[in-house]
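Enquirer: Would you be able to build a 3D model of this:
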Amino acid sequence: MITLTGLDVETFEWLRSKFEPLFSTLSPFVAEDRTIVEKMVGWGQPCLMSAADCLAMNLAWTSLRGSSMALLMIFGMTGTSVSMYLRFGRRLVIRILSKEPDAAIHIPSAVKIHEYQAAIAVKYPMVLLVLLIIHLRVSFACC
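Expert: Numbers count the residues shown, from 1 in each chain. Just a heads-up that it's a prediction; the model follows:
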């Protein structure tokens, strides 16, 4: 699990619990205005891909650096289907994570930044010298 998706089982199950309700109510097919549409009950063939499969495919895609060739073999799907479910899954993951406060990017406080700087300076004392040299070169290059 960790090798393919980058998440441990507990984290994957947490994300899947948030992903599955959206997956079961929305369709991977888009309307003419390119928006996600709700599933129509009783229409078409049943979906052979589960929410866990779609989520795992999207997480694996990120660890494969965007290559879908391996996903074609792992999930036994055509390129068009993989592409469609990757797009659909990414939209759902973004929708889920955008509502999670722990998933947001936060700039640390000045106190925390100084703590980080002190910890780095203790472990790597030459970093301050390198940063000073880079700063001086940039300063002189600008003038």
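
Enquirer: Show me how far stretch 91-105 is from its chain's centre.
Expert: Remark: stretch 91-105 is offset 9 Å from the chain centroid, using Cα atoms, centre = their mean, to the nearest Å.

Enquirer: same thing with stretch 67-85?
Expert: That offset, for stretch 67-85, works out to 18 Å (Cα atoms, centre = their mean).

Enquirer: Give me the buried positions along it.
Expert: By 16 or more other Cβ atoms under 10 Å, the buried positions in stretch 67-85 come out as Ser68, Leu71, Phe75, Met77, Val82, Met84, Tyr85. (Glycine included, C-beta is placed from N, CA and C.)

Enquirer: Mind putting these into CSV with secondary structure?
Expert: Listed next are the buried residues of stretch 67-85 as CSV, based on DSSP: H, G, I helix; E, B strand; the rest coil:
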residue, secondary structure
Ser68, coil
Leu71, helix
Phe75, helix
Met77, coil
Val82, helix
Met84, helix
Tyr85, helix
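
Enquirer: for those, which one is nearest Trp14?
Expert: Using Cβ to Cβ, Tyr85 comes nearest to Trp14 of these, at 20.9 Å.

Enquirer: Find the helix or strand that the closest residue to that closest one other than its chain neighbours is a member of.
Expert: Closest residue to Tyr85 apart from its sequence neighbours, by Cβ to Cβ, 6 or more residues apart in numbering: Cys54 at 5.3 Å. Element membership of Cys54, judged by DSSP states H and E, is helix 51-63.

Enquirer: any idea which element Pro108 lies in?
Expert: According to DSSP H and E, Pro108 maps onto no helix or strand at all.
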